[in-house]
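K.L.:
structure for the following, please:
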Amino acid sequence: MTKLPTLPVITAQLMQLLSNPNASIQKLTNLISQDQSLTTTVLKVVNSSYYGFPRQIATIKHALIILGFNEIRNIVITISVLKNFWNIQKSSKFDHLQFWKHSLGCAVAAGMLAKFFRYRVSGKVFIGGLIHDIGKIVLDQYLHDLFEQVMDQVISRDISFYQAEKEVLGVTHAEIGGWLAKSWNLPLEIEEAIKFHHLPEKATANPPFCSIVHLADVLVRMRSIGSAGDNKIPPIDPSIWEPLRSMRADLNESHIEYFTGLLEEEVSRAKPLFEILGNW
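P.N.:
Residues are numbered from 1 along each chain as shown. This next block holds a predicted model:
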C-alpha cells in the first residue's frame, strides 16, 4: 500500500479546528455553511428528538449558540467522516453498516466516559472513538485481497480480527489507522488512541485519552452494539486503571457494570442520531 486516503478539504479544515483553541463560532459557522448538504444534515440532527428542543433551530449559528462549539464540531466531523467513508466497501464478509454502528457506539461511549471522568477534552475523545477502527476501512479499500484472507481466518477459525490480521498481514488496522491519522495531521492524542487502542499502555502523549477510547471499545463490544468484524470481547487492559484513577480516584472494576448500563441508556437515547447519520 503506497497511498493513503486523503480527507476532503472541508473535513480536513474541520479536523484542524480540533487542535485550535482559538477557533471561533463564526469561523465554524462560515466553514459549515460552505456545504449545503452538510448544513442540512447538521440541522436535521440538531432538531431530532435526541436533543428535544421545543422550537426549531433554523441556522448553524443558532445551533452553535444553543449547543456550543464542541457539540456542533462533533456532529459536523461525524457527518463528514461517515459521508466520505460510508460507501467505501469491497468485502461482502465485513458488514460496514454494523461496523459504523460499532464506531458510533464507541464515540457515544467515549463521550459518556469523558463526562464521568470530567475529562477536559471530551470533544476530541468523541472523535477518537468514532475513527478508532478507521484502519479496517483502509484495509478493505487498499489491501482488499489480504483483507479477504483476514476475514476468512476470522470466520473459519472463530478468532479476533486483531489476531487474524497480525498473522496474515504482520500489521494491524490500529497501526494503519495511526499512519492515516498522522498523514491527516490529527492531534497526537487522537493518533495514539487509534494506534494503541488495543495496547493502551504504549500511549505516551495522553494516557487517559487512550484509556477512555480503549474502555469505550470494550464496553461497546460487551453490549454488542454493531460489530467490529468479529464477535470477540477483548479483556480490559489493566494498564488503563492508573491513568483513569488520576481523574477519579474512587474508580474500581465494579464501575464496569455501571458503565454498561449507562451506555445502554445513552445508545437508546442516540437512536435518532444513528438513523439520520446512517442515511447515506
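K.L.:
end-to-end on stretch 115-125?
P.N.:
10 Å (Cα to Cα, to the nearest Å).
K.L.:
same thing with stretch 244-264?
P.N.:
Stretch 244-264 end-to-end distance (Cα to Cα) = 21 Å.
K.L.:
center of the chain - which residue?
P.N.:
Note on the chain: the residue nearest the mean C-alpha position is residue 130, at 0.9 Å, using Cα atoms, centre = their mean.
K.L.:
now name the helix or strand holding the residue nearest to it when sequence neighbours are not counted.
P.N.:
Nearest residue to residue 130, sequence neighbours excluded (Cβ to Cβ, 6 or more residues apart in numbering): residue 107, at 3.9 Å. Where C-beta positions appear, they are placed from N, C-alpha and C, glycine not excepted. Residue 107 belongs to helix 96-116 when elements are defined using DSSP states H and E.
K.L.:
can you list the residue ranges for helices in the stretch 151-280 of the chain?
P.N.:
All helices of the stretch 151-280 of the chain, identified by DSSP state H, counting those that start in this stretch, fall at 161-169, 173-183, 188-195, 207-222, 241-245, 255-269, 271-277.
K.L.:
what's the closest of the ones you listed to residue 14?
P.N.:
Closest to residue 14 of those is helix 188-195 (Cβ to Cβ; 13.1 Å).
K.L.:
how much does that closest one deviate in direction from helix 96-116?
P.N.:
Going by axes from the mean of the first three to the mean of the last three Cα atoms, to 10 degrees, helix 188-195 is angled at 130 degrees with respect to helix 96-116.
K.L.:
any low-confidence regions in the protein?
P.N.:
1-3, 18-19, 21, 89, 278-280 (pLDDT under 70).
K.L.:
try 80 this time
P.N.:
By pLDDT under 80, the weakly predicted segments of the chain are 1-8, 10-11, 14-23, 84, 86-91, 121-123, 277-280.
K.L.:
per-domain residue ranges of it.
P.N.:
As assigned by automatic domain parsing, the chain contains the domains 8-85, 88-277.
K.L.:
out of the ones you listed, which one sits most buried?
P.N.:
Comparing the domains of the chain by mean neighbour count (mean count of other Cβ atoms under 10 Å), domain 88-277 ranks first with a mean of 19.
K.L.:
what about that domain, start to end distance?
P.N.:
With Cα to Cα, one end of domain 88-277 sits 16 Å from the other.
K.L.:
is it true that the residue nearest to the centre of the chain touches residue 101?
P.N.:
No: with contacts counted by Cβ atoms under 8 Å, residue 130 stays clear of residue 101, the gap being 11.7 Å.
K.L.:
so what's the residue nearest to the centre of the chain up against?
P.N.:
77, 78, 81, 103, 104, 106, 107 (Cβ atoms under 8 Å, 6 or more residues apart in numbering).
K.L.:
list the residues that contact the third one.
P.N.:
Looking back up the chat, that one is residue 81. 11, 130, 131.
K.L.:
of these, closest to residue 216?
P.N.:
residue 130 (10.2 Å).
K.L.:
phi, psi of the closest one?
P.N.:
Dihedral pair for residue 130: phi -60, psi -40, per degrees, to the nearest 10.
K.L.:
kindly report the same for residue 230.
P.N.:
phi -150, psi 180.
K.L.:
adjust the sequence numbering to begin at 18 for everything that follows.
P.N.:
All set: I'll call the first residue 18, so the last point we hit is now residue 247.
K.L.:
that one is in contact with residue 171, isn't it?
P.N.:
Yes: with contact defined as Cβ under 8 Å, residue 247 reaches residue 171; the gap is 5.1 Å.
K.L.:
find residues that contact each of the two.
P.N.:
Common neighbours of residue 247 and residue 171 (Cβ under 8 Å, 6+ apart) are 177, 178, 181.
K.L.:
so the second one makes contact with residue 169?
P.N.:
No: counting by Cβ under 8 Å, residue 178 does not reach residue 169; the two are 11.7 Å apart.
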